[in-house]
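>>> Provide a 3D model corresponding to the input given below.
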Amino acid sequence: MIELIPLVLYLPALGAIINAFAGRKSVSRIVGPAVVGLAFLIALVVLAGLLALPPDQRSRDVLMWTWMPGRGLDIQIAARVDPLSLLMTLVVTGVGFLIHVYSTGYMADDERYARFFFYLNLFITAMLALVLGNNYLMMFLGWEGVGLCSYLLIGFWFYKPEAANAAKKAFVVNRIGDFAFTIGVLWLFAIFGTSDYNVIFGKAHEVFKPGDTTITWITLLLFIGATGKSAQLPLFVWLPDAMEGPTPVSALIHAATMVTAGVYMVVRSHALFELAPLTMSVVASVGALTALFAATIALVHTDLKRVLAYSTISQLGYMFMAAGVGAWPAAMFHLTTHAFFKALMFLGAGSVMHGLHGETNIFKMGGLRKFMPVTAATFVFGWLAISGIPPLAGFFSKDEILAQTFNAGYPALWALGTLTAALTAFYISRITILAFFGRQRFGRDVHPHESPPSMTAPLAALAFLSLVGGMALGLPLGEGSLINQFLAPVFTESHVPVEAATGNADLLTSISVAMGVLGIGVAWVLYVARWIPASFVSRVFKPFYILFSRKYFVDEIYHALVVVPAVWTAEFLFKAVDHAMIDGVAIGGAVEVMTLWSRALRWTQSGYVRSYAFLTLLGAVAMVLFFLFRL
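The predicted structure follows:
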């Protein structure tokens, strides 16, 4: 059954081809979701086959074809089937399938329906290539593939200047991270002579000593690539603007595909990162700071989708913090549960937009639970899950990260993560209360309505996963949980000891839950009971409000330090080099020389026969003299 894994990759690729050439809505609405759903079912069959094997044998490479055969260098397209890749495959295809189904309703009136599903299927294909590959080259192909697809999907409505600019911004910012990632991969290839995981990870401890400068630089370069793909400091700026794409795209990028690529790459490369303690500290610190940084921005924004975007950046920070302290299974656990509740919340936001004719300002909503009961009820599950309220999914995975961070000896990072948990509960409660509860604040000409079943059914499925997903994967608590046992064979060689929470487990859990309750309570005081007006708080903390609402002026700083110098440099090169030197001196000079030469020769083309006869005679005399003197 494990040999069926290539079909998981081939099916979405086939769907993309069909959607590209069929071009009919009736075909795309069936083929688009069907190929991803079939891929998910096959992945379940492969999972059953993998679980039938002893734990120490749950890693298989399945060769699909040899791409570039050559002397001493055979570049293979092969799939690695192990618990880590299979978990990612199930998340990508499972959540991706629900997003595809949702898209059949959300994009029903779009005139480029088939093209949209072509892009979606291609996106899934690229992400599966990234997670299923058994070498860094195949990961790189998928890595660049999801970057291309994100550009196409974010700018899908390219006739809108905001969407076109957001797509370009995502593409350019990711090029920075991708450049570093490429150097890191090539550096590994130069050292090991291959990109195969088995060889690199197997020999890493022989080639490098812990803390070596070389492995530190390689892992830092790989992590810079991850900060681009997974929107961490300082390369996070593209993700909030990516909201200009269709909402299903936002759900796919934020929950199941592109932004999780960086986390997966770091976890997959754990054998390398464990040899670089400095890099591990950087990963954990950047993750914790990003989590807090993005959460503070989300506190004050009024755009529903952008708040969720900053929430994604923050939650990804949790995952990197876990990876940085060596809690690899915890990072993957939160990646999985986050896919459930963040896809749910983005699709819920899309349902709200569908019912309000595209409105995203939370202060122009209110009382929507009366008009959109299914959307409101399912959104509540996402709200409680991300707030860390037991027994929903976010509680188990977030609590695991915070507990392992504390027990690994990082109390400062634990404190940042705990504070972020309270802020997360507050800003998610804020948008939930303002959107679905309280008085109606939309205009009289707006008539909210519930979305069709094609959109509400995926919401119900994701709400169910947000409710039971954490319990199913996270019980019993600690190292004995299902997900820890499942992923254990991947990390048997891990050299970073992370102690399970023991005596302080109850205390840490209590603090984590208390932070979630505190955040919800503050939101209730400000927006439901209104004991303290929210406007009063914004006035009292006006400097912070301005700082958060302007996103710490990061875009302005980047514009001044990067964009403006780049534009000036480009203008200088255009005027001084391209126009003056190339067009003026090189091309212009060549033109002048040829013009003078042609003028010098023009007198020979008089059109008179006597002139041509005279020139012929001169030529003959010259040849005779040449041969006479030569002899």
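>>> for residue 358, identify the helix or strand it belongs to.
Counting by DSSP states H and E, no helix or strand carries residue 358.
>>> give me the most central residue, the chain.
residue 259 (2.0 Å; C-alpha atoms, centre = their mean).
>>> which residues touch it?
Shown in contact with residue 259 (C-beta atoms under 8 Å, 6 or more residues apart in numbering): 229-231, 239, 253, 312, 316. Heads up, the C-betas are built off the backbone N, CA and C, glycines and all.
>>> then residue 141?
126, 129-130, 133.
>>> which of those sit farthest apart?
By the measure C-beta to C-beta, 126 and 133 form the most distant pair in those, at 11.0 Å.
>>> anything in contact with each of these two?
Joint contacts of residue 126 and residue 133 (C-beta under 8 Å, 6+ apart) are 141-142.
>>> let's see which of the contacts of residue 141 end up in helices.
Judged by DSSP state H, the subset of those located in helices is 126, 129-130.
>>> please, where are all the helices along the stretch 251-400 of the chain?
258-268, 270-273, 277-298, 304-324, 328-355, 373-386, 393-407 (DSSP state H, counting those that start in this stretch).
>>> helices or strands up against the second one?
Packed against helix 270-273, as judged by 3 or more C-beta pairs under 8 Å, 6 or more residues apart in numbering; DSSP states H and E, are the following elements: helix 197-207, helix 213-229, helix 277-298.
>>> can you redo those helices as TSV with mean neighbour count?
Listed next are these as TSV, based on neighbours: other C-beta atoms under 10 Å:
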stretch	mean neighbour count
helix 197-207	15
helix 213-229	23
helix 277-298	22
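>>> turn these into JSON lines, including distance to residue 506 and mean pLDDT.
Converted to JSON lines, the helices and strands packed on helix 270-273 look like this (distance: least, C-beta to C-beta, whole Å; pLDDT from 0 to 100):
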{"stretch": "helix 197-207", "distance to residue 506": "37", "mean pLDDT": "94"}
{"stretch": "helix 213-229", "distance to residue 506": "34", "mean pLDDT": "97"}
{"stretch": "helix 277-298", "distance to residue 506": "23", "mean pLDDT": "97"}
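>>> burial check on residue 562, number of neighbours?
Using other C-beta atoms under 10 Å, residue 562 has 12 other residues around it.
>>> can you pull the contacts of it?
By C-beta under 8 Å, 6+ apart, the contact set of residue 562 is empty.
>>> shaky segments in the stretch 1-150 of the chain?
70-74 (pLDDT under 70).
>>> now the helices for it?
According to DSSP H, counting those that start in this stretch, the helices that the stretch 1-150 of the chain contains are 5-22, 25-51, 83-106, 113-132, 136-154.
>>> so how far is the third one off the chain centroid?
Think helix 83-106. Relative to its chain's centre, helix 83-106 lies at 15 Å (C-alpha atoms, centre = their mean, to the nearest Å).
>>> any idea of the angle it forms with helix 25-51?
Angle between the axes of helix 83-106 and helix 25-51 is 160 degrees (criterion: axes from the mean of the first three to the mean of the last three C-alpha atoms, to 10 degrees).
>>> distance of the closest residue to residue 323 other than its chain neighbours from residue 103?
The shortest distance from residue 323 to any non-neighbouring residue, by C-beta to C-beta, 6 or more residues apart in numbering, is to residue 331 (4.5 Å). Separation of residue 331 from residue 103 (C-beta to C-beta, to the nearest Å) stands at 29 Å.
>>> and residue 393, by the same measure?
Residue 393 is 23 Å from residue 103, by C-beta to C-beta.
>>> surely residue 260 is in contact with residue 343?
No. Counting by C-beta atoms under 8 Å, residue 260 sits too far from residue 343 to count as a contact (11.4 Å).
>>> can you pull out the low-pLDDT segments for the stretch 301-450 of the chain?
In the stretch 301-450 of the chain, no residues with pLDDT under 70.
>>> any quick PyMOL command for the buried ones out of the contacts of residue 259?
Applying 16 or more other C-beta atoms under 10 Å to the contacts of residue 259, the buried members can be selected in PyMOL as follows:
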select buried, resi 229+230+231+239+253+312+316
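>>> just among the ones in helices among the contacts of residue 141, which is most surrounded?
Neighbour tally across these (other C-beta under 10 Å): the maximum, 28 neighbours, falls on residue 130.
>>> excluding covalently adjacent residues, which one is nearest to it?
Nearest residue to residue 130, sequence neighbours excluded (C-beta to C-beta, 6+ apart): residue 142, at 2.8 Å.
>>> same question, residue 25
Closest to residue 25 by C-beta to C-beta, 6+ apart is residue 113, at 4.5 Å.
>>> how much space separates that neighbour from residue 105?
11 Å.
>>> for residue 260, same thing?
When residue 260 is compared with residue 105 (using C-beta to C-beta), they lie 25 Å apart.
>>> more crowded one of those two?
residue 260 (29 against 21).
>>> residues in contact with the more buried one?
88, 91, 230, 316, 335, 339.
>>> and the longest strand seen in the chain, how far from the chain's centre?
Secondary structure of the chain per DSSP state E: the longest strand is strand 60-68. Distance of strand 60-68 from the chain centroid (C-alpha atoms, centre = their mean) equals 26 Å.
>>> equivalent analysis for stretch 369-381, please.
28 Å.
>>> ok, stretch 533-551 next?
30 Å.
>>> got it, and stretch 147-156?
Stretch 147-156 sits 11 Å away from the centroid of its parent chain (C-alpha atoms, centre = their mean).
>>> put the alpha carbons of that stretch into CSV.
Backbone C-alpha positions of stretch 147-156 (Å, rounded to 0.1, in the frame of the first residue of the first chain) are rendered in CSV as follows:
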residue,chain,number,x,y,z
GLY,A,147,5.9,30.6,-4.3
LEU,A,148,4.7,30.8,-7.9
CYS,A,149,1.2,29.6,-7.1
SER,A,150,0.9,32.1,-4.2
TYR,A,151,1.8,34.9,-6.6
LEU,A,152,-0.8,33.7,-9.1
LEU,A,153,-3.5,33.3,-6.5
ILE,A,154,-2.9,36.4,-4.4
GLY,A,155,-3.0,38.4,-7.7
PHE,A,156,-5.9,36.4,-9.1
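>>> pull the CA atoms of stretch 216-228 into CSV?
The C-alpha coordinates for stretch 216-228 follow below in CSV (Å, rounded to 0.1, in the frame of the first residue of the first chain):
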residue,chain,number,x,y,z
THR,A,216,25.7,27.2,11.9
TRP,A,217,25.8,29.3,8.7
ILE,A,218,24.1,26.6,6.7
THR,A,219,21.2,26.3,9.2
LEU,A,220,20.9,30.1,9.5
LEU,A,221,20.6,30.3,5.7
LEU,A,222,17.9,27.6,5.7
PHE,A,223,16.1,29.4,8.5
ILE,A,224,16.2,32.7,6.6
GLY,A,225,14.4,30.9,3.9
ALA,A,226,11.8,29.7,6.5
THR,A,227,11.3,33.3,7.7
GLY,A,228,10.3,34.2,4.2
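>>> good, we can wrap up now.
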